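In: One predicted model, sequence on top.
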There are 2 protein chains.
Amino acid sequence: MSDKAPWITYRPELKVLDCTIRDGGLINGHRFDDGFVRAVYRACDAAGVDYMEIGYKNSPEAFPREKYGPWRHCKEDDLLRIVGDHKAKGSAMKLAAMADASKSDCETDIIPADQSPLSMIRVAFYAHQVPEAVEMIGHAHAMGYETTANLMAVSNISETEIDTVLEAIAATPASTMVIVDSFGHLYREQIDMLYNRYTKALEGTGKEIGIHAHNNLQLAFANTIEAIILGCNRVDSTIFGFGRGAGNCHTELLLGFLRNPKFNLRPILEVIQDHFLDLRRRIEWGPLVPYNITGQMNAHPRAAIEWRAGETPDDFLGFYDKLVAD
Amino acid sequence: MSDKAPWITYRPELKVLDCTIRDGGLINGHRFDDGFVRAVYRACDAAGVDYMEIGYKNSPEAFPREKYGPWRHCKEDDLLRIVGDHKAKGSAMKLAAMADASKSDCETDIIPADQSPLSMIRVAFYAHQVPEAVEMIGHAHAMGYETTANLMAVSNISETEIDTVLEAIAATPASTMVIVDSFGHLYREQIDMLYNRYTKALEGTGKEIGIHAHNNLQLAFANTIEAIILGCNRVDSTIFGFGRGAGNCHTELLLGFLRNPKFNLRPILEVIQDHFLDLRRRIEWGPLVPYNITGQMNAHPRAAIEWRAGETPDDFLGFYDKLVAD
């Protein structure tokens, strides 16, 4: 990568993870029809995306099957129905699923990697769940998966807590520690500080740093670029920014920015016009004003999601006054 | 401004210019009804915005009155009808208008500043028009206005051309030289390089650096923040991002980010819900996929605007293939 005009070069080790189905499914309880999931799978594969995260490996006890769609659980037969014998196809793309601390049954639901189309398990956790996350990472690793540690809502905890989490994760076999801005609150100087903190704590472990940004302040793509500039080699995005609340860094922006010739923007544009335009007419997401406000206030988007589903969704002033008063 | 957590402090000398009417008017030929312009004026004033750019001081010969609304020309009686004797009101907000090189009659249309509600004339020009821009700045300055130099489409010219423009502008009385990313193509490392180039060339002149960003890649707010971090003290934005093509840096995001207690977000949220939601249903702008594509390609948004007005506006793939083939 050139120092002079890095924007026309690339870093081969940089890998893109598309989490469209996993993150977007938080809006609709992961109730997608098979055709949609298959279209996203094919688009990611054709676009040269490195990892596709197809859902959660969470437990049907926490998320009953009558209420949630198959991509909240990623049962092996559901996976096979969509992706077939993925690993035998010779695709360069790997499949991932996320497991939430306290909401998954890792011990029973994660089968050996050589029997699954999945190659990666990403463990999502809040700071206070780090002991459980360490166990989950260890188990998934022992089952043959690449693993990552995704500490959520990092804008909402202290530096001391972050350091404690990093120390615990450093000792695990996770390949990657992801900076997760769940509230879409951070801007670039904060990304810089976190990246430096993560890098220093994980020095010598060989771990990569990842970035997962939300778009509350229209900064998801910018913060992803910032992390890339700093040296981050694992970056998350979703097609058309599909994701809960304000949504995510857009895959089509990210691939359009990266210069690695292995990436191909066309399949992403195609799946957007064939599937996502219609989806956006039925389901709402994106950096709407109430999400701008929760982002600015470093608050969970929950209140904004409820406001948009309420009786006066466009009363932005009412929402702002409510949050300030709360 | 603290070095440790600058995001909770502020720089008093940082000034915001809202160019909603001026830039947004490029979509509809500046044909706004008086009530809308008055609502924006009142919102900006109440929000503590430092400058409101209310339109162009361009010539009726270049833009006939039967085709363009009053804010393409900013005739003094049109201004008075909306803002009254603005300078006598004791508002901290100053009013600005933009004059385009080759498209305005500065010599005849710009009256002495002490007879006008306007306090600032911003001169917009392409690199090859710099000799005319220098004359226009000199004239407006002689008439008592604060002036700025806005070199447009900076992503589309060479460094040598930029240096030549900066050398010419350094000798003028312009208070500010603005980095204008007309195509919405730049990302933060390029903003850094431009900022450093502008700063070095204008060293010792006392000029401020401004930023005017477009949102093709959802980077308008991020690039504005970046310029602020670097030291830029004059920043442009528009309410709800209203502006031609992909639109601009959102005033509501910017004010929500700045910590100067003189800024007040509420009036901006109010005018958005009372006026801009309805406007957005009638007029299209924002970082839609075709604007993403022209931004990525460093192209004028013209082709995307035409595509969106054509018969297959949602055929993003068709648009992409057309641009790649062109």
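Out: Yes, it's here.

In: wait, isn't residue A:60 in contact with residue A:73?
Out: Yes: Residue A:60 lies in contact with residue A:73 (Cβ atoms under 8 Å); the separation is 5.8 Å. Quick note: C-beta positions are derived from backbone N, CA and C, even for glycine.

In: So for those two, which residue has more residues nearby?
Out: Under the neighbour definition other Cβ atoms under 10 Å in any protein chain shown, residue A:60 and residue A:73 were set side by side, and residue A:73 has more, 23 against 15.

In: how about that one, phi and psi?
Out: Phi and psi for residue A:73, reported as degrees, to the nearest 10, are phi -120, psi -20.

In: Report the contact partners of it.
Out: By Cβ atoms under 8 Å, 6 or more residues apart in numbering or on different chains, the contact set of residue A:73 is A:55-60, A:63, A:65, A:109.

In: Looking at those, which is nearest chain B?
Out: Taking Cβ to the nearest Cβ as the measure, chain B lies nearest residue A:55 of these, at 25.7 Å.

In: what sits up against the host helix or strand of the closest one?
Out: Secondary structure from DSSP states H and E places residue A:55 in strand A:51-56. Contact with strand A:51-56 is made by A:15-23, A:25, A:30, A:37, A:40-41, A:44-45, A:63, A:70-74, A:79, A:82-83, A:93-100, A:103-104, A:118-120, A:122, as judged by Cβ under 8 Å, 6+ apart.

In: For it, list every residue counted as buried.
Out: If you call a residue buried by 16 or more other Cβ atoms under 10 Å in any protein chain shown, then strand A:51-56 has these buried ones: A:51-56.

In: Quick one: those residues as TSV, columns for pLDDT too.
Out: Listed next are the buried residues of strand A:51-56 as TSV, based on pLDDT from 0 to 100:
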residue	pLDDT
A:51	98
A:52	98
A:53	98
A:54	98
A:55	98
A:56	98
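
In: so which strand or helix has the residue in chain A positioned nearest to chain B?
Out: Residue of chain A nearest chain B, by Cβ to the nearest Cβ: residue A:222 (3.1 Å). For residue A:222, the enclosing helix or strand under DSSP H and E is helix A:220-230.

In: Now the element after that helix, going C-ward?
Out: Proceeding N to C from helix A:220-230, the next assigned helix or strand is strand A:234-237, under DSSP H and E.

In: Check whether that following strand comes close enough to chain B to count as a contact.
Out: No: judged by Cβ under 8 Å from any Cβ of the partner chain, strand A:234-237 makes no contact with chain B; its nearest approach is 11.9 Å.

In: how about JSON lines for the buried residues of strand A:51-56, with distance to residue B:185 added?
Out: Below are the buried residues of strand A:51-56 laid out as JSON lines (distance: Cβ to Cβ, whole Å):
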{"residue": "A:51", "distance to residue B:185": "29"}
{"residue": "A:52", "distance to residue B:185": "29"}
{"residue": "A:53", "distance to residue B:185": "30"}
{"residue": "A:54", "distance to residue B:185": "34"}
{"residue": "A:55", "distance to residue B:185": "36"}
{"residue": "A:56", "distance to residue B:185": "37"}
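
In: which one of the residues you listed sits closest to residue B:209?
Out: Lowest distance from residue B:209 to these (Cβ to Cβ) belongs to residue A:51, with 40.6 Å.

In: what's the closest non-adjacent residue to that closest one?
Out: In space, residue A:51 comes closest to residue A:17 once its chain neighbours are excluded; the distance is 4.0 Å by Cβ to Cβ, 6 or more residues apart in numbering or on different chains.

In: wait, doesn't the one you found sit right on residue A:96?
Out: Yes: Residue A:17 is in contact with residue A:96 according to Cβ under 8 Å; the separation is 6.6 Å.

In: Can you tell me which residues in the stretch 101-250 of chain A are near chain B?
Out: So far as Cβ under 8 Å from any Cβ goes, the stretch 101-250 of chain A lies against chain B at A:187-190, A:215, A:217-223, A:225-226, A:229, A:250.

In: Looks to me like residue A:203 is in a helix.
Out: No: assigned with DSSP: H, G, I helix; E, B strand; the rest coil, residue A:203 falls outside any helix and is coil.

In: Look up phi and psi at it.
Out: Dihedral pair for residue A:203: phi -50, psi 130, per degrees, to the nearest 10.

In: So if we follow the domain assignment, how does chain A break up?
Out: A:6-282, A:289-325 (automatic domain parsing).

In: just to revisit the earlier point, list the contacts of the residue of chain A closest to chain B.
Out: Contact partners of residue A:222, counting by Cβ under 8 Å, 6+ apart, are A:188, B:187-188, B:218-219, B:221-223.

In: Swap in 6 Å and give it another go.
Out: Contacts for residue A:222 (Cβ atoms under 6 Å, 6 or more residues apart in numbering or on different chains) come out as B:219, B:222.

In: Quick check: pLDDT value at it.
Out: pLDDT for residue A:222: 98.

In: Same check on the one 4 residues further on?
Out: Predicted confidence (pLDDT) for residue A:226: 98.

In: What about it, how many residues nearby?
Out: Other residues lying near residue A:226 total 26 when counted by other Cβ under 10 Å.

In: Now do it against residue B:216, distance only.
Out: Using Cβ to Cβ, to the nearest Å, one gets 18 Å for the distance from residue A:226 to residue B:216.

In: need the helices for the stretch 101-250 of chain A, in chain order.
Out: A:106-109, A:130-142, A:159-170, A:188-201, A:220-230 (DSSP state H, counting those that start in this stretch).

In: could you check the angle helix A:159-170 makes with the longest one?
Out: It stands for helix A:188-201. Counting by axes from the mean of the first three to the mean of the last three Cα atoms, to 10 degrees, helix A:188-201 points 40 degrees away from the direction of helix A:159-170.

In: Could I get the buried residue list for the least confident helix or strand in chain A by mean pLDDT?
Out: Each helix and strand of chain A was given a mean pLDDT (mean pLDDT, DSSP states H and E); the minimum falls on helix A:106-109 at a mean of 85. Under the neighbour-count criterion of 16+ other Cβ under 10 Å, helix A:106-109 has A:106, A:109 buried.
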